[in-house]
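Q: got a structure for you, letters missing:
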């Protein structure tokens with residue numbers, strides 16, 4: 001059953017990633033649906049209690065509901081428990097967020113996987129909880145497709161927790177916020193008795209691409225933000241990792257497939273840290289930022305070929321580091337400037353991005369999988385090893401792109417997590433990871 005479940009899981013996630021990476025199949029010249037708004041149309045998502053949200057502790061449960069688990073709008077026999085819980089945004093302010101729990105078939109509450117979705121969107125209505133509740137939209141198709149990950153995980157005896165990692169503002173690429181949302185999701189599901197999980201439940205965290213943003217930031221923040229959660233984490237498994245977003249901007253600049261990620265990330269991080277991009281954008285940049293403010297990755301893949309930072313900004317801001325707010329924000333979301341996780345980690349990264357239309361090899365940045373920079377990921381793994389975490393296993397897939405690397409990574413990650421739950425010592429290749437890039441903070445520059 002174990003090998004069969006792994007094969008099914010690998011096929012499911014790889015199929016999902018392939019679906020996402022087939023922009024021709026999803027391309028639309030229309031703007032994101034007007035029905036997508038920042039405000040939640042489902043009242044379950046709004047905290048409407050009389051006590052101020054700040055009076056609750058992070059992870060406190062505010063609302064609950066149980067409903068059929070849906071796949072592309074079709075209800076299944078599986079039941080999902082959804083919780084509205086108190087969390088914390090990137091600026092330390094109280095926020096409310098939603099997570100979903102699917103119980104394993106045996107009722108055993110001793111182990112769970114926190115699965116961080118790569119739904120990658122600027123619209124909260126594309127989150128996995130919406131898909132689970134039955135919503136169907138172009139941006140939500142990713143979360144719907146990821147539903148097929150559930151069956152193998154449940155067959156292996158895990159309870160599965162799926163947080164809306166980006167929060168209810170969908171602040172795409174704002175890593176610290178992904179991390180607190182993930183950790184408070186784990187707190188919430190162990191505090192509500194209806195989930196069958198409790199303060200003794202062991203958790204493994206797993207995520208690829210956008211899901212890796214949440215997974216890594218949760219592992220990084222756990223010792224200080226949620227030490228009681230950290231004690232019950234057996235490890236984190238991630239692949240296709242965003243480390244230093246300023247490097248990624250240079251790497252995808254002008255890409256045939258991934259360039260549309262540039263405005264998406266700018267919008268998400270700016271929204272998270274209350275940055276006004278308007279003074280820096282030119283007329284075309286303002287048009288793109290307005291068009292994509294509720295977009296998902298389905299609205300940008302291969303639809304902005306050749307887009308660059310310079311095409312979107314006024315001439316005096318051609319160097320991104322001439323924008324002080326940009327420099328401050330990218331330094332805050334640089335994993336290389338964050339703490340070292342104390343739990344074992346499995347990190348996988350592709351390095352064959354030429355297959356996805358990126359021919360860039362910027363000086364000091366190097367190659368990657370088409371969107372993520374391999375040198376950054378190696379540097380992060382080496383940094384973790386050098387700063388006290390000797391339980392890091394790094395694998396680089398030199399011939400594979402962002403999508404392709406998921407296929408070998410998935411079964412490896414599940415097998416690795418299974419071993420952590422079984423109490424086996426975590427493998428390490430700390431002394432064998434090749435050198436990577438500098439993860440030093442960006443330095444502001446003054447325009448002439």
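A: On my side now, so go ahead. Since this is a predicted model, take the numbers as computed values, not measurements.
Q: alpha carbons only for contacts and neighbour counts from here, please
A: OK.
Q: which residues touch residue 351?
A: 367-370, 373-374, 396-402 (C-alpha atoms under 8 Å, 6 or more residues apart in numbering).
Q: can I get the residues you listed in TSV with secondary structure?
A: Shown next, in TSV, are the contacts of residue 351 (DSSP: H, G, I helix; E, B strand; the rest coil):
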residue	secondary structure
367	coil
368	strand
369	coil
370	coil
373	strand
374	helix
396	strand
397	strand
398	coil
399	coil
400	coil
401	coil
402	coil
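Q: helix, strand or coil for residue 168?
A: coil.
Q: relative to residue 205, how far out is the residue lying closest to it once chain neighbours are set aside?
A: Of all residues not flanking residue 168 in the chain, residue 124 sits nearest, at 5.2 Å (C-alpha to C-alpha, 6 or more residues apart in numbering). Distance, residue 124 to residue 205, using C-alpha to C-alpha, to the nearest Å: 22 Å.
Q: kindly report the same for residue 221.
A: For residue 221, the distance to residue 205 - C-alpha to C-alpha - is 13 Å.
Q: can you check residue 174 too?
A: Counting by C-alpha to C-alpha - residue 174 and residue 205 are separated by 18 Å.
Q: quick check: longest strand of this protein.
A: strand 74-88 (DSSP state E).
Q: what are the buried residues along that one?
A: Buried residues in strand 74-88, defined by neighbour count with 16 or more other C-alpha atoms under 10 Å: 79, 80, 81, 82, 83, 84, 85, 86, 87, 88.
Q: which helices and strands does it pack with?
A: strand 61-71, strand 94-102, helix 175-191 (3 or more C-alpha pairs under 8 Å, 6 or more residues apart in numbering; DSSP states H and E).
Q: who does the first one pair with, and is each partner parallel or antiparallel?
A: I take that to be strand 61-71. strand 74-88 (antiparallel) (DSSP bridges).
Q: got the angle between the partner strand and helix 175-191?
A: Relative orientation of strand 74-88 versus helix 175-191 (axes from the mean of the first three to the mean of the last three C-alpha atoms, to 10 degrees): 110 degrees.
Q: got a pLDDT number for the residue nearest to residue 158 when sequence neighbours are not counted?
A: What sits nearest to residue 158 in space, not counting adjacent residues and going by C-alpha to C-alpha, 6+ apart, is residue 112, at 4.9 Å. With respect to pLDDT, residue 112 scores 98.
Q: next: residue 5.
A: 44.
Q: same deal with the one 4 residues further on?
A: Confidence per residue is given as pLDDT, and for residue 9 that number is 50.
Q: same thing with residue 151?
A: For residue 151, pLDDT reads 78.
Q: can you map out the helices along the stretch 301-448 of the chain?
A: 309-312, 324-332, 374-386, 406-421 (DSSP state H, counting those that start in this stretch).
Q: which one of those is the most hemmed in?
A: Compared across these, helix 374-386 shows the largest average neighbour count, a mean of 23 (mean count of other C-alpha atoms under 10 Å).
Q: helices or strands up against that helix?
A: Partner elements for helix 374-386 (3+ C-alpha pairs under 8 Å, 6+ apart): strand 345-350, strand 392-397.
Q: can you list the strands that the last one pairs with?
A: Think strand 392-397. strand 345-350 (parallel).
Q: could you list the buried residues of the partner strand?
A: Applying 16+ other C-alpha under 10 Å to strand 345-350 flags 345, 346, 347, 348, 349, 350 as buried.
Q: and for stretch 217-227?
A: Within stretch 217-227, the residues that count as buried by 16+ other C-alpha under 10 Å are 217, 218, 219, 220, 221, 222, 223, 225, 226.
Q: assumed the fourth one was part of a helix.
A: Going back to what we said before, that points to residue 220. Yes - with three-state DSSP as the criterion, residue 220 is part of a helix.
Q: residue ranges with poor pLDDT in the stretch 251-400 of the chain?
A: Low-confidence segments of the stretch 251-400 of the chain (pLDDT under 70): 355-360.
Q: wouldn't residue 398 be in contact with residue 354 here?
A: No - if you go by C-alpha atoms under 8 Å, residue 398 and residue 354 don't touch, sitting 11.0 Å apart.
Q: if you count neighbours, what's buried in stretch 396-405?
A: 396, 397, 398, 400, 401, 402, 403, 404, 405.
Q: same thing with stretch 276-294?
A: 277, 280, 281, 282, 285, 286, 288, 289, 292, 293, 294.
Q: in a helix, the last one, correct?
A: So that's residue 294. No - read with three-state DSSP, residue 294 is coil and lies in no helix.
Q: three-state assignment of residue 59?
A: coil.
Q: compute the first-to-last residue distance for stretch 110-124.
A: Note: stretch 110-124 ends 31 Å apart using C-alpha to C-alpha.
Q: coming back round to it: okay, the helices and strands packed on helix 374-386 in CSV with distance to residue 150 next?
A: Formatted as CSV, the helices and strands packed on helix 374-386 follow (distance: least, C-alpha to C-alpha, whole Å):
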stretch, distance to residue 150
strand 345-350, 21
strand 392-397, 25
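Q: looking at these, spot the one closest to residue 379.
A: strand 392-397 (10.5 Å; C-alpha to C-alpha).
Q: identify the residues contacting the closest one?
A: Contacts of strand 392-397 (C-alpha under 8 Å, 6+ apart): 344-352, 374, 378, 381, 384-385, 405, 426-430, 433.
Q: got the angle for it vs helix 406-421?
A: Using the same axes, to 10 degrees: strand 392-397 against helix 406-421 is 160 degrees.
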